[in-house]
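Asker: Output the structure for:
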Amino acid sequence: MTTGHRFNGPDALAAGLVDATATETEVLATAVARLTPILGKNPGTLAAIKNTMYSAATSALR
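Answerer: Numbering: from 1, shown residues only. Next up is the predicted model:
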């Protein structure tokens, strides 16, 4: 953010900024495939897990 460097998908993946990439035509199917395993999970539980996992980042952003 401070350097103004723009990352394309493959560069962001190589830098460890994203977990995966998809082509424009694959975005919807890829997103659905990634979310399907957590369908039906308690949203409050998922939020608590994410807040714990990323507490340093969320604290820094507040």
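
Asker: For residue 30, grab the count of nearby residues.
Answerer: The tally of other residues near residue 30 (other CB atoms under 10 Å) stands at 14. Where you see a C-beta, it was placed from the backbone N, CA and C, and this is true even at glycine.

Asker: likewise residue 13?
Answerer: If you count neighbours by other CB under 10 Å, residue 13 ends up with 14.

Asker: Can you tell me the element it falls in?
Answerer: Using DSSP states H and E, residue 13 sits in helix 9-14.

Asker: and that helix, which residues are buried?
Answerer: Residues of helix 9-14 classed as buried: none (neighbour count, 16 or more other CB atoms under 10 Å).

Asker: contact partners of it?
Answerer: 18, 20, 21, 22 (CB atoms under 8 Å, 6 or more residues apart in numbering).

Asker: Dump the lengthiest helix in the chain to PDB, keeping only the CA atoms.
Answerer: Counting by DSSP state H, the longest helix found in the chain is helix 43-53. What follows is helix 43-53 as a C-alpha-only set of coordinates in PDB (Å, rounded to 0.1, in the frame of the first residue of the first chain):
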ATOM      1  CA  PRO A  43     -21.400 -17.500  11.500                       C
ATOM      2  CA  GLY A  44     -20.500 -16.500  15.000                       C
ATOM      3  CA  THR A  45     -18.100 -19.300  15.400                       C
ATOM      4  CA  LEU A  46     -16.400 -18.500  12.100                       C
ATOM      5  CA  ALA A  47     -16.100 -14.900  13.100                       C
ATOM      6  CA  ALA A  48     -14.500 -15.800  16.400                       C
ATOM      7  CA  ILE A  49     -12.000 -18.100  14.700                       C
ATOM      8  CA  LYS A  50     -11.100 -15.400  12.200                       C
ATOM      9  CA  ASN A  51     -10.800 -12.700  14.900                       C
ATOM     10  CA  THR A  52      -8.500 -15.000  16.900                       C
ATOM     11  CA  MET A  53      -6.400 -16.000  13.800                       C
END
